[in-house]
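A.B. asks: predicted model and sequence below, questions to follow.
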Amino acid sequence: MPSTVALSVARYRPEQESEPTFQTYEIPFRKDWVVLDALNYVKDTMDGSLSYRWSCRMGVCGSCGMKVNGTPKLTCATFLSEHMPGPIRIEPLDNFPVVRDLVVDLTDFVRKLKQVKPWIVRKEEKPLAEGEYLQTPAELDAYKQFSMCINCMLCYSACPIYGLEPSFIGPAAIALAQRYNLDSRDQGASERLKLMSEDDGIWQCTFVGECTEVCPKHVDPAGAIQQYKLSGATQWVKSLLLPWGNR
Amino acid sequence: MSADPHYTLYHPRWYRRRMSVWWWLHNRAYAFFVLREITSVFVAFTALLYLWQIRALIQGPQAYERFLARLKTPLFLTLDTVAFLFVLFHAITWFNLTPKAMVVRMGGTRVPDWAIIGVNYAAWIVLSGAVAFALLRG
């Protein structure tokens, strides 16, 4: 293995340039370094002006998502050795406005996330005296996979539909809606389905499937959306056949 | 939800990228996806061909002969071959995707993906066999 590696990092300094450029940094190669370690090395010793987000360094916080050699990745979980001999190209996530260097603006996602009501909706809360809402392991298993999302936005970066139709609610928000729909304690599925059946909801998805491929937590948003479509369509047929039904 | 495509209030200093018309050529998975979407055109073509065949059948033996003669022209042989390959691609890719949309639980555990895919292929083989039997018997 060589002793150094070139990082080609996208820079965007709005006060200096009107569009992003690339800057190359030659850094020491260490086989136990992830891409985030390399960026921290650059920031600490070579160029303090480089901007990027990170926090936990262990695939939990979802802050350090960037494109590494064209693929959306958590940089804390992507080893330099996977991309040797380099150069390694590091860019901000696609489909979001770039604020500076590798930092993108996520306001759009946060707004959409709130719309899908990612919390337990109850028609009526039961009194405290009746105790907690119990759940069997099988009931937990029904939604657990979709609850692993860390909002890292790799799926939005990989989704061409979101790139072409920015009003699309998008993979992570729909997967999280489905997470609550499948929760035995939740009663908000019909409220969520109303939003999801609109133009920007589940039917925008054409099942490209890349959201699932890039997901670092194996959430499978593509699966969540297709399952949502199936239950939405079933609900629609039911409402046609049984218009007097309560849902 | 509003149809407003802007993420947030206009911020002149943020860099907003526009997707290239050629986005689907940037990555193999995207190209594969677009190819899968195009198969629907050939599925429609095959369905229309069957409708045309039924129409010829209804019109009598002479019309049906003319229909068969037309199918044997190089143009239709080529079109048919291409359509067959695309329909095959369509069927296989969609069969393989069914477990994503259908989660079947039996006895508290999730039925594995291969079993759901297998049921599709089994149904395909059984139905094709039944059609072949009905046709070749006579």
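C.D. replies: Looks like it arrived, so ask away. Numbering: from 1, shown residues only, chains lettered A, B, ... in the order given.

A.B. asks: for residue 76, what are its contacts?
C.D. replies: Because you didn't say which chain, this covers chain A. By C-beta atoms under 8 Å, 6 or more residues apart in numbering or on different chains, the residues touching A:Cys76 are A:Val34, A:Val35, A:Leu36, A:Trp54, A:Cys56, A:Arg57, A:Met58, A:Gly59, A:Cys64. In this view, the C-beta of every residue, glycine as well, is placed from N, C-alpha and C.

A.B. asks: try chain B instead
C.D. replies: Applying C-beta under 8 Å, 6+ apart to B:Phe76 gives the contacts B:Arg70.

A.B. asks: got the domain boundaries for chain A?
C.D. replies: A:4-104, A:107-241 (automatic domain parsing).

A.B. asks: including mean pLDDT and distance to B:Gly107, could the ones you listed go into TSV?
C.D. replies: Written out in TSV, the entries for those read as follows (pLDDT from 0 to 100; distance: least, C-beta to C-beta, whole Å):
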stretch	mean pLDDT	distance to B:Gly107
domain A:4-104	95	33
domain A:107-241	93	10
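
A.B. asks: out of these, which gets nearest to B:Val104?
C.D. replies: Closest approach to B:Val104 among the domains of chain A (C-beta to C-beta): domain A:107-241, 11.1 Å.

A.B. asks: wait, does the closest one contact chain B?
C.D. replies: Yes - using C-beta under 8 Å from any C-beta of the partner chain, we find that domain A:107-241 touches chain B at A:107-108, A:112, A:115, A:138, A:160, A:163-167, A:169, A:195, A:198-200, A:206-210, A:212-213, A:220, A:222-223, A:226-227, A:229-230.

A.B. asks: now, of those residues, which are buried?
C.D. replies: Buried by 16 or more other C-beta atoms under 10 Å in any protein chain shown: A:108, A:112, A:160, A:163, A:166-167, A:169, A:195, A:200, A:207-210, A:212-213, A:220, A:222-223, A:226-227, A:229, out of the residues of domain A:107-241 next to chain B.

A.B. asks: next step: those residues restricted to helices.
C.D. replies: Counting by DSSP state H, the part of those found in helices is A:108, A:112, A:160, A:163, A:195, A:210, A:212-213, A:222-223, A:226-227, A:229.

A.B. asks: now do the contacts for A:Ser3.
C.D. replies: A:Pro28, A:Phe29.

A.B. asks: what is the mean pLDDT for whatever helix or strand B:Leu49 lives in?
C.D. replies: Applying DSSP states H and E as the criterion places B:Leu49 in helix B:28-59. What helix B:28-59 shows for mean pLDDT is 94.

A.B. asks: so which elements touch it?
C.D. replies: Counting by 3 or more C-beta pairs under 8 Å, 6 or more residues apart in numbering or on different chains; DSSP states H and E, the packing neighbours recorded for helix B:28-59 are helix A:210-214, helix B:61-71, helix B:74-101.

A.B. asks: which positions within it qualify as buried?
C.D. replies: Within helix B:28-59, the residues that qualify as buried are B:Ala29, B:Tyr30, B:Phe33, B:Arg36, B:Thr39, B:Phe42, B:Thr46, B:Leu49, B:Ala56, counting by 16+ other C-beta under 10 Å.

A.B. asks: repeat that for stretch A:117-124.
C.D. replies: Neighbour-count burial for stretch A:117-124, counted by 16+ other C-beta under 10 Å, picks out A:Lys117, A:Pro118, A:Val121.

A.B. asks: nearest to chain B, of those residues?
C.D. replies: Comparing the buried residues of stretch A:117-124 against chain B with C-beta to the nearest C-beta picks out A:Lys117 as the nearest, at 13.2 Å.
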